[in-house]
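**Student:** Sequence unavailable; structure follows:
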């Protein structure tokens with residue numbers, strides 16, 4: 001038996017179904033919104049925890065570098081505690097943690113060109129030649145540093161028309177630091193040391209002597225037959241610390257530039273720059 005509805009009853013039923021549909025959509029939206037808010041809260045919590053881990057890594061580097069300057073002021077080498085601070089990827093509560101520390105003074109300071117002296121210019125040209133950098137780019141870089149230096153970043157160099165690809169080629173050997181910063185012979189790598197000494201055999205002997213003792217002394221240069229060198233030293237005050245942390249689905253990398261300021265009987269260690277990337 002078929003039930004026939006009057007037009008009025010049919011309209012009432014349609015309205016009821018419409019109300020039910022709207023109510024269902026409203027409930028779905030509320031549930032979805034709550035789920036999004038929960039996810040957002042979770043990511044914010046994970047981001048905050050990752051940031052805390054990253055800043056803790058930076059602070060540990062600052063503390064270690066300050067202590068090192070107080071107890072071993074005469075040398076900065078790869079056997080010291082600051083160099084051992086690097087941490088391979090390990091598990092931490094809620095995620096993963098890794099830390100890398102580099103001595104920025106293990107590379108050539110581009111601001112050495114500001115003096116206009118022959119020795120730093122010759123070393124820069126040798127670096128550029130080894131890295132197959134366009135000679136025109138080398139001239140532009142040297143001119144910018146000589147005229148507008150000392151520089152704090154490569155903005156003016158890029159503006160002068162030096163391709164980013166040429167700067168990337170120089171990056172393993174070159175850094176921009178305050179003009180007084182010299183190359184630390186206790187952390188420099190063999191390729192750059194070879195260019196500094198202009199003698200592969202002398203550079204090899206110096207690396208071997210450094211490996212045996214853990215560090216070099218000024219007397220080692222003449223003992224191994226090194227020529228008179230300028231723009232070099234045996235200590236460092238400028239470092240780079242990269243802390244990478246993953247918590248949940250959040251990954252953060254904190255790239256910190258750290259400088260030591262030595263005064264009579266005191267040492268200040270300051271963070272001169274931070275760059276954070278998140279994923």
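**Tutor:** Perfect, I can see it now. In this text the structure is predicted, and so the values were computed from the model without any measurement.
**Student:** I'd like to know how many residues surround residue 79.
**Tutor:** For residue 79, the count of nearby residues is 13 (other Cβ atoms under 10 Å). C-beta here means a position set from N, CA and C on the backbone, and glycine is covered the same way.
**Student:** Please read the previous query as pertaining to residue 55.
**Tutor:** By other Cβ under 10 Å, neighbour count at residue 55 equals 16.
**Student:** what do you get for residue 245?
**Tutor:** Residues near residue 245, counting by other Cβ under 10 Å: 27.
**Student:** and the helix or strand hosting it, what other elements does it pack with?
**Tutor:** Assigning secondary structure by DSSP states H and E places residue 245 in strand 238-247. On a contact count with 3 or more Cβ pairs under 8 Å, 6 or more residues apart in numbering; DSSP states H and E, strand 238-247 meets helix 7-71, strand 95-103, strand 250-263.
**Student:** Pick out the shakiest of those, pLDDT-wise.
**Tutor:** Sorting these by mean pLDDT places helix 7-71 lowest, at a mean of 72.
**Student:** Which elements pack onto the next helix or strand after it?
**Tutor:** Downstream of helix 7-71, the next assigned helix or strand under DSSP H and E is strand 87-92. Judged by 3+ Cβ pairs under 8 Å, 6+ apart, the packing partners of strand 87-92 are strand 95-103.
**Student:** Give me the sheet partners of the strand it packs on and which way each runs.
**Tutor:** strand 87-92 (antiparallel), strand 238-247 (antiparallel) (DSSP bridges).
**Student:** any chance of these in a markdown table, plus distance to residue 229 and mean pLDDT?
**Tutor:** Converted to a markdown table, these look like this (distance: least, Cβ to Cβ, whole Å; pLDDT from 0 to 100):
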| stretch | distance to residue 229 | mean pLDDT |
| --- | --- | --- |
| strand 87-92 | 34 | 82 |
| strand 238-247 | 20 | 94 |
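**Student:** out of the ones you listed, nearest to residue 76?
**Tutor:** Of all the strands paired with strand 95-103, strand 238-247 sits nearest to residue 76, with 9.2 Å by Cβ to Cβ.
**Student:** what's that closest one in contact with?
**Tutor:** Outside strand 238-247, the residues within contact range by Cβ atoms under 8 Å, 6 or more residues apart in numbering are 46-47, 49-50, 53-54, 57-58, 61, 65, 82, 89, 92, 94-105, 175, 177-178, 181, 251-260.
**Student:** If burial is judged by neighbour count, which of those pass?
**Tutor:** With burial judged by 16 or more other Cβ atoms under 10 Å, the buried subset of these is 46-47, 49-50, 53-54, 57-58, 61, 65, 82, 95, 97-99, 101-105, 175, 177, 181, 251-260.
**Student:** Show me the shaky parts of the stretch 151-279 of the chain.
**Tutor:** 279 (pLDDT under 70).
**Student:** For the stretch 101-250 of the chain, which segments are assigned as strands?
**Tutor:** Ranges of strands within the stretch 101-250 of the chain are 108-109, 174-175, 183-184, 232-233, 238-247, 250-263, based on DSSP state E, counting those that start in this stretch.
**Student:** of all those strands, which lies closest to residue 195?
**Tutor:** Here strand 108-109 is closest among those (Cβ to Cβ), at 8.6 Å.
**Student:** hmm, back to that, dump the strands paired with strand 95-103 into a markdown table; add distance to residue 70 as well.
**Tutor:** Shown next, in a markdown table, are these (distance: least, Cβ to Cβ, whole Å):
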| stretch | distance to residue 70 |
| --- | --- |
| strand 87-92 | 23 |
| strand 238-247 | 16 |
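**Student:** what's residue 206 in contact with, if anything?
**Tutor:** 185, 193, 197, 216, 220-221, 224, 226.
**Student:** at 10 Å what do you get?
**Tutor:** Residues in contact with residue 206 (Cβ atoms under 10 Å, 6 or more residues apart in numbering) are 185, 188, 190, 193-194, 196-197, 199, 216, 220-221, 223-226.
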